[in-house]
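**Student:** Fold the following for me, if possible:
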Amino acid sequence: MGARVEEFEREFAAFVGVKHALAVANGTAALHLALLAAGVGPGDEVVLPSLNFVAAANSIAHTGATPVFCDIIGAEDLNLDPADLEAAVGPETKAILVLHYGGYPCDMHGVREIAERHGLIVIEDAAHAPGATWRGESCGSLGLVGCFSFFSNKNMPVGEGGMVVTDDDGVAERLRLLRSHGMTTLTWARHRGHASSYDVLLAGFNYRLDEMRAAIGLVQLRRLPAENAGRAEISSRYRDALHGNGGVTMPFGKVEEGTTSAHHLAVALMPEGTRDDVRAALSENRIQTSVHYPPIHRFSHYSRSGDGRALPRTEEVAERLVTLPLFAHMSDDQVEVVTENVLAALDS
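**Tutor:** Numbering: from 1, shown residues only. Here you go, the predicted structure:
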């Protein structure tokens, strides 16, 4: 939490176009702090898409609030469906936690209209979307608070790390206190002689980022536009080779003007009943795949405690999702190996 962290925060805030950026230990810590700083707590409900990493729901649960899951638009767009989002809003709803799935911005116009109509807070999970924009605005700057992850598989990896961003001065001050034990002054300030002691104003956490990872983050931030551009080129090659061939669907074929993706994931939907066989065939040929994500509402904990809302489009795509290899310096030969093996597996 020294000079490198401060520099990283300044540069990231300028990159996103917000007043405040606070570096934290990881993306989950970013979500937890954002929810707490926004005033989410026991008795509240927070609506989020089930097609999501479980950290989002866990972070809500750890505030004492209840996650309520909504459906996605469908196979062509794996982001939350604003119509089902509104259907999930109830009298106890306090906030909406949106995810820009795979780096593709969700329909923030629809989200904002619903939030304004019901008096709800919007928190962005922008872990997939550093550098992505919606109608010319940076993802992460579109709600009260935005959350980013710098985990090793993200577009801007530092190992473990995250960032919380906001334009709200009061929220930023609460984030600072919560991030480091509720202390009024930190070690770095005392080391420089800015203070000799400290008070504790609330029961905070140790969610701080260290200097070494901040130094890595500064380098990765400067590389990010080129990294995202490389990912975009590879995503386009995947789409050209796979979409509509062998029954494969590549979501996010249409992107609104003024909106750009960070291309965090290259996700393909296999024909029904073929996903596991395709993954096994690729694995035999040393091609790693993944699934983003097993829907949260299906996990044992959340299926027991959930509200039982029907999520038919999430259920439909959940059995077809395959995440293909994607990194900015993939060679043409590597992309071709992946696409040829996918189509060969479907043809066998």
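
**Student:** tally of neighbours for the closest residue to Lys19 other than its chain neighbours?
**Tutor:** Using C-beta to C-beta, 6 or more residues apart in numbering and skipping residues adjacent in sequence, the residue nearest Lys19 is Asp167, 4.9 Å away. To be clear about C-beta, it is placed using only N, CA and C from the backbone, and glycine gets the same treatment. Look at Asp167: counted by other C-beta atoms under 10 Å, it has 17 neighbours.

**Student:** Phi first, then psi, for Asp167.
**Tutor:** phi -100, psi 0 (degrees, to the nearest 10).

**Student:** residues contacting it?
**Tutor:** 18-20, 141 (C-beta atoms under 8 Å, 6 or more residues apart in numbering).

**Student:** Just the buried subset of the residues you listed, written out for PyMOL, thanks.
**Tutor:** Selection command for PyMOL covering only the buried members of the contacts of Asp167, criterion 16 or more other C-beta atoms under 10 Å:
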select buried, resi 18+20+141
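
**Student:** Same list, the contacts of Asp167, but as TSV with secondary structure, pLDDT and distance to Tyr198 please.
**Tutor:** TSV is the format used below for these (DSSP: H, G, I helix; E, B strand; the rest coil; pLDDT from 0 to 100; distance: C-beta to C-beta, whole Å):
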residue	secondary structure	pLDDT	distance to Tyr198
Val18	coil	98	27
Lys19	coil	98	24
His20	strand	98	21
Ser141	coil	98	31
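
**Student:** could the contacts of Asp167 be laid out in a markdown table, adding distance to Ala203?
**Tutor:** As requested, these are exported to a markdown table (distance: C-beta to C-beta, whole Å):
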| residue | distance to Ala203 |
| --- | --- |
| Val18 | 27 |
| Lys19 | 26 |
| His20 | 22 |
| Ser141 | 29 |
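
**Student:** Pull the most distant pair out of the contacts of Asp167.
**Tutor:** By the measure C-beta to C-beta, His20 and Ser141 form the most distant pair in the contacts of Asp167, at 10.9 Å.

**Student:** which neighbours do these two share?
**Tutor:** 165, 167.

**Student:** Phi and psi next, for Leu221.
**Tutor:** Torsion angles, degrees, to the nearest 10, at Leu221: phi -60, psi -40.

**Student:** residues contacting it?
**Tutor:** 8, 11-12, 15, 156.

**Student:** shaky segments in the stretch 201-348 of the chain?
**Tutor:** Low-confidence segments of the stretch 201-348 of the chain (pLDDT under 70): 306.

**Student:** in the chain, which residue is closest to the centre?
**Tutor:** Ala127 (3.0 Å; C-alpha atoms, centre = their mean).

**Student:** give me phi/psi at it?
**Tutor:** phi -60, psi -30.

**Student:** per-residue confidence at it?
**Tutor:** pLDDT for Ala127: 98.

**Student:** OK, contacts around it?
**Tutor:** So Ala127 contacts 27, 53, 99, 147-149, 151, 154, 162 (C-beta under 8 Å, 6+ apart).

**Student:** Among these, which lie within strands?
**Tutor:** In this view, those that belong to strands under DSSP state E are 99, 147-149, 162.

**Student:** Extract the C-alpha trace of stretch 106-117 and format it as PDB.
**Tutor:** The C-alpha trace of stretch 106-117 is given here as PDB (Å, rounded to 0.1, in the frame of the first residue of the first chain):
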ATOM      1  CA  CYS A 106     -24.600  -5.900 -20.900                       C
ATOM      2  CA  ASP A 107     -27.700  -3.700 -21.800                       C
ATOM      3  CA  MET A 108     -27.000  -0.900 -19.300                       C
ATOM      4  CA  HIS A 109     -29.800   1.200 -20.800                       C
ATOM      5  CA  GLY A 110     -32.300  -1.400 -19.600                       C
ATOM      6  CA  VAL A 111     -30.500  -1.900 -16.300                       C
ATOM      7  CA  ARG A 112     -30.400   1.800 -15.600                       C
ATOM      8  CA  GLU A 113     -34.100   2.300 -16.400                       C
ATOM      9  CA  ILE A 114     -35.100  -0.500 -14.000                       C
ATOM     10  CA  ALA A 115     -32.800   0.800 -11.300                       C
ATOM     11  CA  GLU A 116     -34.200   4.300 -11.600                       C
ATOM     12  CA  ARG A 117     -37.800   3.100 -11.600                       C
END
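
**Student:** ok now that stretch, how far from the chain's centre?
**Tutor:** Centre-to-centre, stretch 106-117 and its host chain are 18 Å apart (C-alpha atoms, centre = their mean, to the nearest Å).

**Student:** Give the buried residues for that stretch.
**Tutor:** Within stretch 106-117, the residues that count as buried by 16+ other C-beta under 10 Å are 106-108, 111-112, 114-115.
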